[in-house]
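Engineer: Turn this into a structure:
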Amino acid sequence: MFKPPRPAPRSALASLIRAVSSGDGNLLNLLPGAAYEMDIGPLGWSRRSTLIVNRPDLVRDVLIDERGIFPKSDLMVNALDALIGNSIFVSSGDVWRRQRAMVDPSLTMMRINRAFPDMEAGVAECVQTLTRAAETHESFSLDLLMSHLTADIICRTVFSTGVSEKVTHEVFEAFTLFEKSVAQVEIFRLVIEKAFTKTPQKPHVLEACRVIRKAIGELLDTHTGEGGKSYDDIASALMLARDDEGQGFSREELIDQLGVMFLAGHETSASALTWVFYLLSQQPEAVKRIRKEVASLAGDGPISFEHTKKLVFTRNVFRETIRLYPPITFLPRVAMEDTRLGDRRVKRGALVIVAPWVLHRHKAYWRDPDVFDPDRFAADREQDMTVNAYIPFGIGPRICAGAAFASIEAVLIIASLVRAFDFETLDPKAVQPAARLTTRPTQQIFCRVSARA
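Structural biologist: Just a heads-up that it's a prediction; the model follows:
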């Protein structure tokens, strides 16, 4: 009955005081204990109405949004504007439909049988890195290791090239600064500002966005100009994409769209895998089960694409990890007109929040919701699952297009690294989660590895 770390639930007022006084932008601290039991209701006090929606049928109504009245919230759009512009992740209506039609053909290149060799290459380099770390007994940042591994894989998939550790480190540091400092996660602003208030970003946040966009632009430039090469990859397909009027994406729009793929394809996966290896470092019995499962299928040989589909317990470890620590903590929407959700009135401008973090720990839908239990996803317990209560990749037309990619990637990484290494978290009691834009540890988790005997 291992209960991994989470903020202790408190009353609404105590949660607000905790969130404001901490000053670290950790939105988990704002969640009152009642949020994990209600169907729909106010999320504490704020100047603009803020509702959290937990009832699965209402979650479906908000996220599928057949009437188009719950677009991505103005807070999220404003927060991400300098980073990914009005890209497919935040756009709405006709703009989103145009972009989706142009982007969809390139996403066929994320089919797993095509992308799997890129995953294998990235994992092989990571194994070499960890082998050196095991020999030297040096500690390392688990967060940074997973960020580099997943960035390397997504770059091979999108741009046909790996990425250097220097670039990964720069992007990791820039995105960490961005998450902690972007104005939209300042608790005080969330509480006091009116709906649709556009908040200026601080200069160092804009500089972090510049660093990330520069890295993506340099990768894009390998495909353009006199020195550009001809590739059969996602970046090339996006460069060739045209809308119904024959218009393509500008260079800045390409960086917007590729930025979504790069960040969604590596930041969210890196967050999830950081939590996976932390949890496994505390759960030796789960490690033994993974090793037994891998050995029964692959022995000491390569772990194939077909093997990853049969590694059921390994996959369930990943599924349980992203239940407890969903990479995207909150899915905020905004009501563009007065409406109703169930029997509750919703005013125009209200923040309507679907929170995978809360939904995945809701007492009405999960037995022992705070316990790490990969077997809750076993086939013989499927009847315990509530439809639309597990949404780590969202639902509806805006469901994550890379969900299958991320799942197979995670299974391959977990199976490969657990088979070869023992992970030791250096200060497990200090590990605590934080939610800003993604669910990350409050501080980097430092580890050592040893080669498995």
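Engineer: Show the model's pLDDT score for residue 225.
Structural biologist: Listed pLDDT for residue 225 reads 67.
Engineer: which residues does residue 387 contact?
Structural biologist: Contacts for residue 387 (C-beta atoms under 8 Å, 6 or more residues apart in numbering) come out as residue 56. From N, CA and C alone the C-beta is placed, and that goes for glycine too.
Engineer: host element of it?
Structural biologist: Of the helices and strands defined by DSSP states H and E, none includes residue 387.
Engineer: and if you look at residue 256?
Structural biologist: Going by DSSP H and E, residue 256 is in helix 251-281.
Engineer: before we move on, what about residue 450?
Structural biologist: strand 446-451.
Engineer: Help me confirm that residue 394 comes into contact with residue 63.
Structural biologist: Yes - contact criterion C-beta atoms under 8 Å: residue 394 and residue 63 qualify, at 6.2 Å.
Engineer: shared neighbours of the two, anything?
Structural biologist: By C-beta under 8 Å, 6+ apart, residue 394 and residue 63 have these common neighbours: residue 331.
Engineer: the more surrounded of the two?
Structural biologist: The neighbour comparison of residue 394 against residue 63 (other C-beta atoms under 10 Å) goes to residue 63, with 20 against 15.
Engineer: contacting residues for the more buried one?
Structural biologist: 70, 331, 333, 354, 391, 394, 395, 396, 398.
Engineer: give me the element it is part of.
Structural biologist: Element membership for residue 63, per DSSP H and E: helix 56-64.
Engineer: With residue 424 instead?
Structural biologist: Taking DSSP H and E as the criterion, residue 424 maps to strand 421-425.
Engineer: Pull out the buried residues from whichever helix or strand comes after that strand.
Structural biologist: Next along the chain after strand 421-425, taking DSSP H and E as the criterion, comes strand 433-435. For strand 433-435, a neighbour-count test (16 or more other C-beta atoms under 10 Å) marks 433, 434, 435 as buried.
Engineer: Could you give the average pLDDT over the helix holding residue 256?
Structural biologist: The pLDDT scores in helix 251-281 average 94.
Engineer: just checking, what packs against the helix or strand just after it?
Structural biologist: If you walk from helix 251-281 toward the C-terminus, the next helix or strand you reach (DSSP H and E) is helix 284-298. If you count contacts as 3 or more C-beta pairs under 8 Å, 6 or more residues apart in numbering; DSSP states H and E, helix 284-298 packs onto helix 251-281, helix 305-310, helix 312-324, helix 403-420.
Engineer: And the contacts of helix 284-298?
Structural biologist: Contacts with helix 284-298, where a contact means C-beta under 8 Å, 6+ apart, come from 279-280, 303-304, 307, 310-314, 317, 374, 414-415, 418-419, 422, 452.
Engineer: Can you flag the buried ones in these?
Structural biologist: 279-280, 303, 307, 311, 313-314, 317, 374, 414-415, 418-419, 422.
Engineer: Just the closest of those residues to residue 87, please.
Structural biologist: residue 414 (30.1 Å; C-beta to C-beta).
Engineer: Could you report the neighbour count for residue 69?
Structural biologist: By other C-beta under 10 Å, neighbour count at residue 69 equals 17.
Engineer: would it count as being in a helix?
Structural biologist: No - counting by DSSP: H, G, I helix; E, B strand; the rest coil, residue 69 is not part of a helix but coil.
Engineer: quick one: contacts for it?
Structural biologist: 335, 336, 337, 339.
Engineer: Of those residues, just say which sits nearest to residue 108.
Structural biologist: Of all the contacts of residue 69, residue 108 sits closest to residue 336, with 32.8 Å by C-beta to C-beta.
Engineer: Could you find the closest non-adjacent residue to that closest one?
Structural biologist: residue 69 (5.0 Å; C-beta to C-beta, 6 or more residues apart in numbering).
Engineer: where does residue 19 fall, phi/psi-wise?
Structural biologist: phi -70, psi -40 (degrees, to the nearest 10).
Engineer: just to revisit the earlier point, mind putting the buried ones among the contacts of helix 284-298 in CSV, distance to residue 360 included?
Structural biologist: Formatted as CSV, the buried ones among the contacts of helix 284-298 follow (distance: C-beta to C-beta, whole Å):
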residue, distance to residue 360
279, 15
280, 19
303, 28
307, 28
311, 22
313, 20
314, 20
317, 15
374, 14
414, 19
415, 24
418, 23
419, 28
422, 29
